[in-house]
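S.K.: got a sequence here, can you model it:
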Amino acid sequence: MEAYRYGNGPVRAVLIHGWFGDAHDFDAMLAAMDPDLFSLACVEFRGFGARRGEPGPYDVATIARDAVALADELGWERFDVVGHSMGGKAALRVAVEAPGRVGKLCGIAPVWAGRSPFDEQRLGLFRKARDVVGMRQGIVANTTGGRLPAIWSRRVAEHSMRISDPDAFAAYFESWALEDFAREAAAVTAETLVIVGAHDPGITEAVARATWLATLPNAQLVVMPDSGHYPAQECPLILAAHVTRFLAPG
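M.R.: Presented below is the predicted three-dimensional model:
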C-alpha cells in the first residue's frame, strides 16, 4: 500500500491526511518530530496522490480499513492514529473498528463522527468544488478565517485539483459530511487529543467540546490561537510540539 514513512523510533503512528491533501500534508510538521522517537506512516487515500486511478470505495470506512491494513503491513499490532479534518473522522473510525490496537488518538481540526450540520445551500457549494478550483480556494480561505494571503489558498486549491481524482474527491465529501457513526464512537476509550485552530469557523472550540469532548471519556482539547483549519501548514512547529507531547511516552 502506498504510504510515506518517517522515522524509526518506538512510538508508532498512522497519519491520515485531509480532503484537500495527500500523504505529504504533514511534511512541515514532521520536520520538527524526532525520527529516533517516532515511526510514522502517512496513509494515502484511494484516488489521491500516488493512488490516483485506484478504485474505491471512496469513503471514510475504507480509509480506516486501509489505515489498519497499513499497520498490518508494517507489523504494528499496537499503534497510535493521527488524522486531520476528514482524516480525523477516519482516525476515529479506526479507533471504533480496532479498539484493542489503537493506543492514542489525535484529531487535528477533526470532523466529528456524526453528520455535519450543513444545510442544502452549503452542501451545494461544497459539491461544486469537485470541478471548480475557485470553489476550493474559497473553502480554504473561509476555513482559515479569511486572514491568509490569497495566493496560499489558491495554491492549496490547485494542488488538491492536481493530486485527486474528481470522482474520488466528490465521493469522499459525501462520506465525511453525511455519514453518521456517532453512536459507535461513544464506545471509544482511547486517550484522545483534539487540536483546533482559533480561526477555524467550522470546527471551533465549541463544536469540539459539544462533540468529541462531550462523547469521548478520555478526550482533551488544545486550541491553537494562530491557526485556522490547516495547522500542519499554518503553524507546523507548534503543532509538532503538541503532537509530540501527546504521543511521547511518559
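
S.K.: just the helices in the chain please.
M.R.: Per DSSP state H, the chain carries helices over the ranges 27-30, 60-74, 86-97, 120-128, 133-143, 150-163, 166-178, 182-185, 205-208, 214-215, 231-234, 236-247.

S.K.: for the ones you listed, give me JSON lines that also has mean neighbour count and distance to Gly107.
M.R.: Every residue, glycine included, has its C-beta placed from N, CA and C. Formatted as JSON lines, the helices of the chain follow (neighbours: other CB atoms under 10 Å; distance: least, CB to CB, whole Å):
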{"stretch": "helix 27-30", "mean neighbour count": "20", "distance to Gly107": "14"}
{"stretch": "helix 60-74", "mean neighbour count": "20", "distance to Gly107": "13"}
{"stretch": "helix 86-97", "mean neighbour count": "27", "distance to Gly107": "4"}
{"stretch": "helix 120-128", "mean neighbour count": "13", "distance to Gly107": "20"}
{"stretch": "helix 133-143", "mean neighbour count": "19", "distance to Gly107": "15"}
{"stretch": "helix 150-163", "mean neighbour count": "16", "distance to Gly107": "20"}
{"stretch": "helix 166-178", "mean neighbour count": "18", "distance to Gly107": "13"}
{"stretch": "helix 182-185", "mean neighbour count": "15", "distance to Gly107": "11"}
{"stretch": "helix 205-208", "mean neighbour count": "16", "distance to Gly107": "8"}
{"stretch": "helix 214-215", "mean neighbour count": "14", "distance to Gly107": "12"}
{"stretch": "helix 231-234", "mean neighbour count": "24", "distance to Gly107": "11"}
{"stretch": "helix 236-247", "mean neighbour count": "18", "distance to Gly107": "11"}
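
S.K.: next one: Glu54 from Ala90, what distance?
M.R.: Separation of Glu54 from Ala90 (CB to CB, to the nearest Å) stands at 16 Å.

S.K.: direction included, what does the lowest-mean-pLDDT helix or strand in the chain pair against?
M.R.: In the chain, the helix or strand scored least confidently by mean pLDDT, DSSP states H and E is strand 3-6, which has a mean of 82. The pairing partners recorded for strand 3-6 under DSSP bridges are strand 38-43 (antiparallel).
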